[in-house]
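Enquirer: Dropping the sequence and predicted coords here.
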Amino acid sequence: MPPDMSDSIHIVVLPGDGIGPEVTDSARQVMEAAGRRYDVTFDWDEHVFGGVAIDHSGHPFPEETRKACLSAHAILLGAIGGPKWDAVDAEMRPEAGLLALRSVLDAYANLRPVKVSNTLAHLSVLPPDRVAGTDLLVVRELTGGIYFGEPRRYTKDEAFDTMRYSTGEIDRIARIAFEQARARRGRVTSVDKANVLASSRLWRECVSAVHAESYSDVELDHMYVDNAAMQVVRDPRAFDVVLTANLFGDILSDLASTLAGSLGVLPSASLGGVTPLFEPVHGSAPDLSGRGEANPVAAILSGAMLLEDVGHADSADLIRRAVDDTLSAGSMTCDLSEQGVSTSEFTDHVCDVIAHIPISPTII
Ligand code: IPM
Ligand code: MN
């Protein structure tokens, strides 16, 4: 349930594994700094999740963590997984905990914005003049499709998964994409594989029906996923909202992240369910962990998405401006610059900008 504007925001923090604890810690500091400017207070509630939870209680998503997640205003997640748990049985791996969390929450709408600022455009794998100004949003269906479809089986000589979608599942994610497009540049590209897959044929029909019935003011086109992968690289600025199924969204969002120069700057929100969930798109980066070198931007911007979702758009904007200003001033972690600063130096810099940036007084 969302908080009242005057309530403390009750946030369950799941730091997870690898660099997860470092980047969620930065996000918390930055959110506190923004909260101080706008009288927003937080009630942080940390729980084990992922690999650390396996070590702690033998399960990646323990019951007490589940209970806490279901009753919070929002969840801030770091990252999970690492080689330490690679040999664990499939259903007990950290990744299985993440899928269970998304499913238990029914957080079906995964929003992954990819915005390429002029400051970072030169880090992209593409020429800066082709990516600068890219501003697209991947809307990925998160609780259905081949990730969850039954039946599925694994034996020594044969294995299969099922890509399955109902019209109800497609309808609700399509509406989210159209609503997002209305608040942006008014375009949705629905990505599928309708030339081959039955589930994609239903996807295309259903998206078109929702469009015709309720969103004819939004421009809609359909694209096959193989072509979409090419077009996103060829002309990223042509995209506004990319609506797609769970597996295609997983792949396309990593692909789109290369435009931004580093996975370390991309946030995400998983909405529509019992409790909204916010997490960086990047993984746990075990090789970076504990060195103070992790890029906290994705986690910080996930915190901004959280604040916006619970009704504090002004605090969210302040955080985004402070991150932009900090990066433009040349303060960035070593994934972005050879003279990189540490995670904590970067975080302090962002907090400092937040503390001093002029803001217009809130009109009550
Ligand atoms: C992501 C990740 C997850 C996914 C993994 C860790 C289960 O890659 O959030 O994109 O495939 O959804
Ligand atoms: Mn992924």
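Expert: In hand now; what should we look at? Because the structure is a prediction, the values reported are computed rather than measured. Ligands and ions are numbered 1, 2, ... in the order given.

Enquirer: what comes up buried for stretch 241-256?
Expert: 241-250, 252-253, 255-256 (16 or more other C-beta atoms under 10 Å). To be clear about C-beta, it is placed using only N, CA and C from the backbone, and glycine gets the same treatment.

Enquirer: make that stretch 6-23, sorry
Expert: Across stretch 6-23, burial judged by 16+ other C-beta under 10 Å covers 9-23.

Enquirer: Near ligand 1, which residues of the protein are found?
Expert: 95, 98-99, 250 (C-beta under 6 Å from any ligand atom).

Enquirer: Next step: these restricted to helices.
Expert: Among the residues of the chain next to ligand 1, the members found in helices (DSSP state H) are 95, 98-99, 250.

Enquirer: Out of these, grab the one that's most surrounded.
Expert: Leu98 (22 neighbours; other C-beta atoms under 10 Å).

Enquirer: nearest residue to it other than its sequence neighbours?
Expert: Counting by C-beta to C-beta, 6 or more residues apart in numbering, Ile80 is the residue found nearest to Leu98 once chain neighbours are left out, at 5.6 Å.

Enquirer: next one: Arg66
Expert: Among residues not flanking Arg66 along the chain, Val104 sits closest, at 6.2 Å (C-beta to C-beta, 6+ apart).

Enquirer: The one you found belongs to a helix?
Expert: Yes - with DSSP: H, G, I helix; E, B strand; the rest coil as the criterion, Val104 is assigned to a helix.

Enquirer: Pull the contacting residues for it.
Expert: Applying C-beta atoms under 8 Å, 6 or more residues apart in numbering to Val104 gives the contacts 61, 66, 69-70, 274.

Enquirer: In JSON lines: the residues you listed, plus secondary structure, neighbour count and pLDDT.
Expert: What follows is the contacts of Val104, written out as JSON lines (DSSP: H, G, I helix; E, B strand; the rest coil; neighbours: other C-beta atoms under 10 Å; pLDDT from 0 to 100):
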{"residue": "Phe61", "secondary structure": "coil", "neighbour count": "26", "pLDDT": "98"}
{"residue": "Arg66", "secondary structure": "helix", "neighbour count": "17", "pLDDT": "98"}
{"residue": "Cys69", "secondary structure": "helix", "neighbour count": "25", "pLDDT": "98"}
{"residue": "Leu70", "secondary structure": "helix", "neighbour count": "14", "pLDDT": "98"}
{"residue": "Val274", "secondary structure": "coil", "neighbour count": "14", "pLDDT": "97"}
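
Enquirer: wait, what's in contact with the closest residue to ligand 1 within the stretch 101-250 of the chain?
Expert: Residue nearest to ligand 1 within the stretch 101-250 of the chain: Asp250 (4.6 Å; C-beta to the nearest ligand atom). Asp250 makes contact with Arg140, according to C-beta under 8 Å, 6+ apart.

Enquirer: Apply 10 Å and report the result again.
Expert: Asp250 is in contact with 110, 112, 138, 140, 142, 145-147, 244, 281, counting by C-beta atoms under 10 Å, 6 or more residues apart in numbering.

Enquirer: Now do Pro361, the pLDDT please.
Expert: Pro361 is assigned 66 on the pLDDT scale.

Enquirer: and the residue nearest the centre of the chain, backbone torsions?
Expert: Residue closest to the average C-alpha location in the chain (C-alpha atoms, centre = their mean): Ser268, at 1.5 Å. Ser268 adopts backbone torsions of phi -150, psi 160, taken as degrees, to the nearest 10.

Enquirer: about what we covered before: and the buried residues of stretch 6-23, which of them are in helices?
Expert: Per DSSP H, the buried residues of stretch 6-23 map to helices at 20-23.

Enquirer: could you dump the residues you listed to CSV with pLDDT?
Expert: Shown next, in CSV, are these (pLDDT from 0 to 100):
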residue, pLDDT
Gly20, 98
Pro21, 98
Glu22, 98
Val23, 98
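
Enquirer: Please report how far the closest residue to ligand 1 within the stretch 1-150 of the chain lies from His222.
Expert: Going by C-beta to the nearest ligand atom, ligand 1 is nearest to Glu95 of the stretch 1-150 of the chain, at 4.0 Å. Taking C-beta to C-beta, to the nearest Å as the measure, Glu95 falls 30 Å from His222.

Enquirer: circling back to that earlier point, ok, which pair from the contacts of Asp250 is furthest apart?
Expert: Pairwise distances across the contacts of Asp250 (C-beta to C-beta) peak at 19.5 Å, for the pair Ile146 and Val281.
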